[in-house]
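Novice: Give me a 3D structure for the following:
(one chain, ligands or ions: 1)
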Amino acid sequence: MKKSNIKYRKYHEIPEEIIQQAEEKTKNSPYLQSFHIEPNSGYLNDPNGFSYYNGKYHMFYQWSPLRYLKEPERWYQGWYHLESKDMVHWISVGVGLEPDTKFDSHGPYSGSAMVDEDKLLIFYTGNTRDNKGIRTPYQMIAIMDKNGKIQKSRIPGFTGLIDGYTDHFRDPKIWKENNTYYAVVGIQRENKTGASVILKSKDAVEWELAGEIRTDYPEFGYMWECPDYFKLQGQGVLLFSPQGLKAQGAQYQNIYQSGYLVGETLDLENLTFNHESFQELDSGFDFYATQTMDTNDGRRILSAWMGMPEIEYPTEAFGYCGCLTIPRELSLKNNELLQTPIKELQKLRCGHRKTQEKIEKDKVFKYETGSVFEIDLTIEIENAKSIQLSLRSDEKMKKKTVVFVNPVDKDIILDRSNSGKPFGTEYGTTRKIAQNISNKIRMRIFVDKSSIEVFVNDGENVASSRIFPGEDQKYLFVESIGGTSTIKMDYWKLRKQRE
Ligand code: FRU
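Specialist: Coordinates of the predicted model:
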């Protein structure tokens with residue numbers, strides 16, 4: 001069946017038994033996450049509308065619940081809504097935005113939210129196609145009130161295309177400054193290069209084009225998705241997810257990237273942005289489409305999709321795919337973003353164990369971790385040539401996810417070639433996750449049923465990856481190859497975020 005023949009339906013029009021059938025399949029997955037947000041069925045992609053409003057954190061995500069059912073007529077794409085008191089324990093609210101107007105008939109695509117007096121102001125892209133498949137994007141406003149009722153505005157905030165650009169125009173990230181509303185939006189120029197533009201408005205109802213942000217990257221991929229602009233410690237930060245970069249050494253290894261430019265604050269009059277060079281946010285295998293929000297106590301928190309477009313994941317056999325990363329707090333040091341797990345995640349900790357161990361040359365230290373845990377590990381390399389951490393390993397060390405710490409090359413490599421069920425191998429099975437390391441390294445590692453997130457040296461480097469190990473893969477082994485090393489480790493089992 002051709003794509004244009006698919007009939008888009010609203011969520012509430014889907015018969016209950018079809019939803020149940022989809023959710024039943026997902027419930028049987030051995031890979032269900034314990035403390036990450038993932039869908040009850042179907043496809044999750046970008047985090048949307050991440051905000052703090054009316055005493056709660058709100059998280060929405062791009063959701064296509066029936067994607068893996070064979071039904072040709074399906075509810076297509078919308079926002080799913082969750083709320084939380086602490087960004088750790090999430091309660092499902094249900095469908096957030098549905099494809100129920102002529103301005104978003106083919107999916108309310110990604111967007112953001114900000115608190116505006118007593119309302120939550122949502123700005124998102126309505127995706128539409130006519131019967132020839134021609135796409136018209138609308139930048140749409142919706143308002144959520146204190147009762148959680150969401151009302152879409154009758155008319156789009158901004159209609160259609162901009163001269164000089166294609167129909168790839170989406171993902172507004174909204175903020176307010178000097179009594180004006182602004183949004184940074186991803187776009188593709190007619191010459192098929194990616195960029196971001198600024199829309200502005202006095203009333204958040206009617207929006208006009210302010211112009212394109214001028215960066216030092218006029219030719220950097222063919223599309224910039226999910227841009228985000230904010231100030232941090234007096235500097236300006238532009239995040240975006242460029243598509244179409246070619247792999248270069250250890251960089252840009254995934255199908256698409258997510259990264260940032262940090263510089264002076266953006267000049268909102270002439271849209272110049274003086275910045276340092278582009279840096280990737282995460283060097284793992286599965287990380288895309290970031291979004292940030294600021295908390296009431298002034299922290300800038302980032303969430304992302306721990307997944308990549310166009311990759312087939314083992315969970316699809318159970319009718320679902322995708323999860324969000326743990327939230328991370330951002331800070332700047334020497335023009336680089338540091339990312340650390342939010343402190344609230346400590347609430348999940350239980351069963352603390354502390355270890356200090358000198359590992360002799362070529363000896364192996366064995367530790368039973370289970371499959372859901374956090375470790376805070378400091379390694380001091382005395383004269384070892386390499387340290388090998390095998391995480392989620394089976395007893396025989398055949399199946400495992402390996403972190404190689406290499407004092408000779410001064411780098412850290414993440415290897416998922418033998419993690420469990422293979423997937424996405426067309427993009428390689430190893431990643432260089434840190435460079436120029438010293439002989440003392442701290443790593444905080446968060447492991448869930450089917451993911452690993454490694455934070456190196458207080459968040460200087462981060463690597464997020466999905467892995468699909470078997471139940472017997474519940475050990476950590478540390479080997480000190482060619483010499484000795486010392487490890488200090490705090491271990492915690494992590495509770496489920498939802499009971
Ligand atoms: C990024 C993205 C966005 C778009 C959304 C649709 O993953 O392609 O640009 O709004 O997903 O789901």
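Novice: how about the residue of the stretch 201-350 of the chain found nearest the ligand, phi and psi?
Specialist: For the stretch 201-350 of the chain and the ligand, the shortest gap (CB to the nearest ligand atom) falls at Glu225, measuring 3.7 Å. C-beta here means a position set from N, CA and C on the backbone, and glycine is covered the same way. Summarising the backbone geometry of Glu225 under the convention degrees, to the nearest 10, its torsions are phi -100, psi 160.
Novice: what do you get for Gln346?
Specialist: Main-chain dihedrals, Gln346, degrees, to the nearest 10: phi -60, psi -20.
Novice: How about Val95: what's its closest non-neighbour residue?
Specialist: Taking CB to CB, 6 or more residues apart in numbering, and ignoring the residues beside it in sequence, Val95 has Tyr11 as its nearest neighbour in space, at 4.6 Å.
Novice: Mind splitting this structure into its structural domains?
Specialist: 3-344, 349-494 (automatic domain parsing).
Novice: average model confidence for the last one?
Specialist: So that's domain 349-494. Per-region confidence: domain 349-494 scores 97 on mean pLDDT.
Novice: Now do that domain: distance from first to last residue.
Specialist: Terminal residues of domain 349-494 lie 5 Å apart, using CA to CA, to the nearest Å.
Novice: and if you look at stretch 282-302?
Specialist: Counting by CA to CA, the length from the leading to the trailing residue of stretch 282-302 is 12 Å.
Novice: can that stretch be found next to the ligand?
Specialist: Yes - counting by CB under 6 Å from any ligand atom, contacts between stretch 282-302 and the ligand involve Ala289.
Novice: quick one: buried residues of that stretch?
Specialist: Of the residues in stretch 282-302, those buried under the neighbour-count criterion (16 or more other CB atoms under 10 Å) are 282-295, 300-302.
Novice: ok, now stretch 271-281?
Specialist: For stretch 271-281, a neighbour-count test (16+ other CB under 10 Å) marks 271, 273, 275, 278, 280-281 as buried.
Novice: Give me the subset of those residues that also touch the ligand.
Specialist: With CB under 6 Å from any ligand atom as the criterion, no member of the buried residues of stretch 271-281 is in contact with the ligand.
Novice: For those, could you give me CSV that also reports secondary structure and pLDDT?
Specialist: Written out in CSV, the entries for those read as follows (DSSP: H, G, I helix; E, B strand; the rest coil; pLDDT from 0 to 100):
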residue, secondary structure, pLDDT
Leu271, coil, 98
Phe273, coil, 98
His275, strand, 98
Phe278, coil, 98
Glu280, strand, 98
Leu281, coil, 98
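Novice: Leu199 contacts Glu212, doesn't it?
Specialist: No - applying CB atoms under 8 Å, one finds Leu199 not in contact with Glu212, separated by 11.1 Å.
Novice: Looking at those two, which is more packed in?
Specialist: When neighbours are counted by other CB atoms under 10 Å, Leu199 and Glu212 differ, and Leu199 comes out ahead with 21 against 17.
Novice: do you know how far that one is from Leu238?
Specialist: 15 Å (CB to CB, to the nearest Å).
Novice: now do Met144
Specialist: Between Met144 and Leu238 the computed distance is 27 Å (CB to CB).
Novice: Equivalent analysis for Met308, please.
Specialist: Distance check for Met308 against Leu238: by CB to CB, it reads 21 Å.
Novice: check which helix or strand covers the spatially most central residue of the chain.
Specialist: Nearest to the mean C-alpha position of the chain, by CA atoms, centre = their mean, lies Ala304 at 1.4 Å. If you go by DSSP states H and E, Ala304 is part of strand 300-305.
Novice: And the contacts of the helix or strand where Thr292 lies?
Specialist: In the assignment (DSSP H and E), Thr292 maps to strand 288-294. Contacting residues not belonging to strand 288-294 are listed as 45-48, 50-52, 57, 110, 112, 173, 225-226, 228, 230, 239, 241, 254, 256, 258, 281, 300-305, 307-309, 330 [CB atoms under 8 Å, 6 or more residues apart in numbering].
Novice: Flag every residue of the stretch 51-200 of the chain that's near the ligand.
Specialist: 62, 77, 109-110, 125, 170-171.
Novice: Using ChimeraX, define a selection of the buried residues within those residues.
Specialist: Provided next is the ChimeraX selection string for whichever of those are buried by 16+ other CB under 10 Å:
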select :62,77,109,110,125,170,171
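Novice: Show me which of the residues of the stretch 51-200 of the chain next to the ligand is closest to Thr355.
Specialist: The shortest separation between Thr355 and any of those is 40.9 Å, and it belongs to Gln62 (by CB to CB).
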